[in-house]
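In: heads up, no residue letters with this:
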């Protein structure tokens, strides 16, 4: 909680947030002397904390220490003479004043982003570029084919892609660090995001060629529970889809014997191929291994493990000219399906 403190006789009482030590040495005469860059940074920190509802998560997202996050919030609260956040055991939430400032901060950050992009577009030497995010399966197996086709239609545009899990990319979207992401899992429904499916994928039980199940086409969930499971980390779209599909079929993901959690598909495939357990991952990621007789895919009786692959953007958020062209390209799902089906079939041969 904060406290009211009168600094001098007859001076206006100021709200001082009590979050621990804070250095206000950059303030002169009770007013801040911050530049626009500092204010932008403070707004970005404030918005990240508000969006995540958690200072720890915001610090990881922004690659800042928790004390640094707290100091930035304290500066804003001192500047506006108001408490902006309420802290509880579950995290932080916006106060009434915090909600008002949050809305203005979002507008300011959007305008700064638009200004930067508009100036960039007007620069004669500007080279076209698209900054996007993609989840691991899409980034490794699908995105190269998409970029190859897009570059043939729109030459001269570079790509800067961040590959991460769905949870991290969703946070990057709302933080305006990336404007377009391609994901294979569900995104938070209350984050003001537009989700547009562009293709589909099937998850499958994957076992080593030497496994007793390798001669079969399907297994029961009861059988699956007896095996050591090698699965993706929490926050992964693949894991979330698996859990939702099992739940929909009346099975409980918590009943699985989870032996190992790994952050990448390649590592999972190697562990499974070595006979250390079985997994549930995208069927398209093991096409080559199945063709070579090293792995085998199976279905689960009574459980459909399909999932849409989607393009996600922030509702009503501006995109650059290059990003808009890429988004329109991704919306041509008919052409995209032909491109990906042909490319992936070729890879599997």
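Out: Arrived safely, thanks for sending. Keep in mind it's a predicted model, so treat the numbers as computed, not measured. Residues are numbered from 1 along each chain as shown.
In: Where is the longest strand in this structure?
Out: strand 193-208 (DSSP state E).
In: I'd say residue 136 and residue 264 touch.
Out: Yes: at 6.2 Å, residue 136 and residue 264 qualify as touching, with contact defined as Cβ atoms under 8 Å. (C-beta placed from N, C-alpha, C; glycine too.)
In: Give me the more crowded residue out of these two.
Out: Under the criterion of other Cβ atoms under 10 Å, the comparison of residue 136 against residue 264 puts residue 136 first, with 22 against 15.
In: Distance of that one relative to residue 310?
Out: Remark: distance between residue 136 and residue 310 (Cβ to Cβ, to the nearest Å) = 15 Å.
In: how near is residue 230 to residue 139?
Out: Here the criterion is Cβ to Cβ. By it, residue 230 lies 20 Å from residue 139.
In: between these two, which one's more packed in?
Out: Neighbour totals were compared for residue 230 and residue 139, and residue 230 leads with 23 against 18 (other Cβ under 10 Å).
In: after the host helix or strand of the more buried one, next one along is what?
Out: The secondary structure element spanning residue 230 is strand 228-232 (assigned by DSSP states H and E). Tracing the chain past strand 228-232, the next element assigned as helix or strand by DSSP H and E is helix 237-248.
In: what helices or strands is that following helix leaning on?
Out: Taking 3 or more Cβ pairs under 8 Å, 6 or more residues apart in numbering; DSSP states H and E as contact, the helices and strands that helix 237-248 lies on are helix 136-141, strand 193-208, strand 228-232, strand 279-282, strand 306-314.
In: Pull up the pairing partners for whatever helix or strand comes next after that helix, direction included.
Out: Per DSSP H and E, the first helix or strand lying C-terminal to helix 237-248 is strand 257-262. The sheet places strand 257-262 alongside strand 228-232 (parallel), with pairing taken from DSSP bridges.
In: For the partner strand, give me every contacting residue.
Out: For strand 228-232, the external contacting residues (Cβ atoms under 8 Å, 6 or more residues apart in numbering) are 165, 238-239, 242, 256-263, 265, 268, 271-272, 276-281.
In: do that again at 7 Å, thanks
Out: Where contact means Cβ atoms under 7 Å, 6 or more residues apart in numbering, the residues beyond strand 228-232 that reach it are 238-239, 256-262, 268, 271-272, 276-280.
In: buried subset of those residues?
Out: 238-239, 256, 262, 268, 271-272, 277-280 (16 or more other Cβ atoms under 10 Å).
In: Single out the most deeply packed of the helices and strands packed on helix 237-248.
Out: Mean neighbour counts were compared across those using mean count of other Cβ atoms under 10 Å; the top stretch is strand 279-282, at a mean of 27.
In: That strand - contacts with which helices or strands?
Out: Judged by 3 or more Cβ pairs under 7 Å, 6 or more residues apart in numbering; DSSP states H and E, the packing partners of strand 279-282 are strand 193-208, strand 228-232, helix 237-248, helix 265-273.
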